[in-house]
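> My questions are about this predicted structure, shown below with the sequence.
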Amino acid sequence: MSAPNLGFDHFTSIAPVGIAAQVDKLATWHAAHGRPVFTVNHAREFDTFAADLPPWMIPVEVDFARAYGRDYLPLRALRDGIARAASPTAERIVFTNSDIKVRGIDDVAALVTAPADLTFASRSDVRPDGTDAGLYTDGFDVFAFSRDSLGVLERDDLRLGMPWWDYMVPVLAILAGHTVRRLDDAVFPHITHSQRWSEVAYQDIGVRCLMDMAPDLIDADAITGAKIMTFARFTNDILNSDALGDRRADARPTDLRADIRRVIRNIFRDDTDAPDRADYRPTQDLLGSDQPGVAVALVAPATLEPVPGAWKLSRNGAPYGGMCRIVAEVKRGGRYEVELVATSVGKRLSVAIGGTRLHLTEPRTIRQSVFAPHETLTIDLDPGEDTKGTATLAALRLRRMASA
């Protein structure tokens, strides 16, 4: 595939350590799209590594104050660098973290031609020994902005290399009314490493993000570490949900602004005297065929049969095929916890909850947080692809974590 016709410029920000390794990763992008890569940094950083940059990397100097003891680049400074260096004909601005690779031009093209104001993607982690560690879903490293959506970068409190910025860029774009899509099929490899930020910074930035987004719903004194963590879990759920995925059957933009504000309100609401307090976090049993609002469908040759105090899921000795699909009615925009108690597993039980897949190879209780972008939530139970395909399920429950 040739380079896409849609014009774009590529930006990053080199960290002032391990320069050669970062250049190696960015070289995969340059080889794929043939364009220069602009790196936005403070002059004091360029003093240490500008001589190490290859000709296809172009330094862009910006001025900003240090924070948290290092030169973490504020988003506003990144925006200034883009304004200074981007071509006036560039319709898209690509930003990637400096330690992210790309497979080739097809993935670049998918990124810059996606029909959205902001497209973002997770990285695919690779262990230092070269083995695959899977898709990283607790943060995002690849972004493509339309010119109109660059306004979400006008912030000094969010900084590259610190918590929250990669969550908040798509959230702020949603709140600003931009169309936002997550790119699912492209692969952007990344070598795993330890996290380098502090819990103090996580809490401090989280408070500022919440206060900025919904000052009419909360006050600073109400924000605790637990509430910040609850909001972070919700944010991760919504950004990884199929509401933003590029494989959605419904291609119309999904307006999630009300959902985000609703969850913030629910996190900080005072339920002490609320008449519906008993209903606030209802638990719903999903197993069986007589549960209201729950549809259980079996794909042959699988069966689901009651046994004393539990349900037995079986493939009935068939080598392939068969699963149990459970579809529960939910309130769109809510965050839910799915609890599964498996007291026995024949060989492997595959569990897909709203698109997230888990594998059980022994008796275990799992609790999975999930965001519901639609009016139903689907759970698939597949009892392994061999004749030992059985599992005994003592419970499968759905608990609503945020009311509508």
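Structure's in. What do you need?

> what number of residues lie near Cys318?
Cys isn't right for residue 318; it's Ala. The criterion is other CB atoms under 10 Å. On that basis, Ala318 has 15 neighbouring residues. In short, each C-beta sits where N, CA and C put it, glycine included.

> can you tell me which helix or strand it belongs to?
Ala318 belongs to no helix or strand when assigned by DSSP states H and E.

> Verify the contact between it and Val299 for me.
No - Ala318 is beyond contact range of Val299, at 11.0 Å (criterion: CB atoms under 8 Å).

> quick one: low-confidence parts of this structure?
Flagging of the chain using pLDDT under 70 yields the residue ranges 1-6, 193-199, 246-255, 270-282, 289, 332-334, 355, 373, 385-388, 401-404.

> Going along the chain, name the helices of it.
When assigned using DSSP state H, the helices of the chain occupy the ranges 19-33, 43-49, 75-85, 105-113, 165-175, 199-213, 225-240, 257-268.

> Go through those and name the closest to Leu287.
In terms of CB to CB, the element of the helices of the chain nearest to Leu287 is helix 225-240, at 23.5 Å.

> Okay, buried residues for the closest one please.
Neighbour-count burial for helix 225-240, with 16 or more other CB atoms under 10 Å as criterion, is recorded at Lys227, Ile228, Thr230, Phe231, Ala232, Phe234, Thr235, Asn236, Asp237, Ile238, Leu239, Asn240.

> same question, stretch 33-47
Buried residues in stretch 33-47 (16+ other CB under 10 Å): His33, Arg35, Pro36, Val37, Phe38, Thr39, Val40, Asn41, His42, Glu45, Phe46.

> residue contacts, the third one?
If a contact means CB atoms under 8 Å, 6 or more residues apart in numbering, then Pro36 has Asp9, His10, His30, Trp56, Met57, Ile58 as its contacts.

> And the fifth one, by the same measure?
Contacts for Phe38 (CB under 8 Å, 6+ apart) come out as Asp9, His10, Phe11, Thr12, Met57, Ile58, Pro59, Val60, Gly81, Ile82, Ala85, Ala86.

> Likewise for the last one?
Contacts of Phe46 were listed using CB under 8 Å, 6+ apart, and they are Pro59, Glu61.

> re the thing from before, okay, the buried residues of helix 225-240 in JSON lines with distance to Gly130 next?
Compiled in JSON lines, these are given as follows (distance: CB to CB, whole Å):
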{"residue": "Lys227", "distance to Gly130": "40"}
{"residue": "Ile228", "distance to Gly130": "36"}
{"residue": "Thr230", "distance to Gly130": "37"}
{"residue": "Phe231", "distance to Gly130": "36"}
{"residue": "Ala232", "distance to Gly130": "31"}
{"residue": "Phe234", "distance to Gly130": "35"}
{"residue": "Thr235", "distance to Gly130": "32"}
{"residue": "Asn236", "distance to Gly130": "27"}
{"residue": "Asp237", "distance to Gly130": "31"}
{"residue": "Ile238", "distance to Gly130": "33"}
{"residue": "Leu239", "distance to Gly130": "28"}
{"residue": "Asn240", "distance to Gly130": "26"}
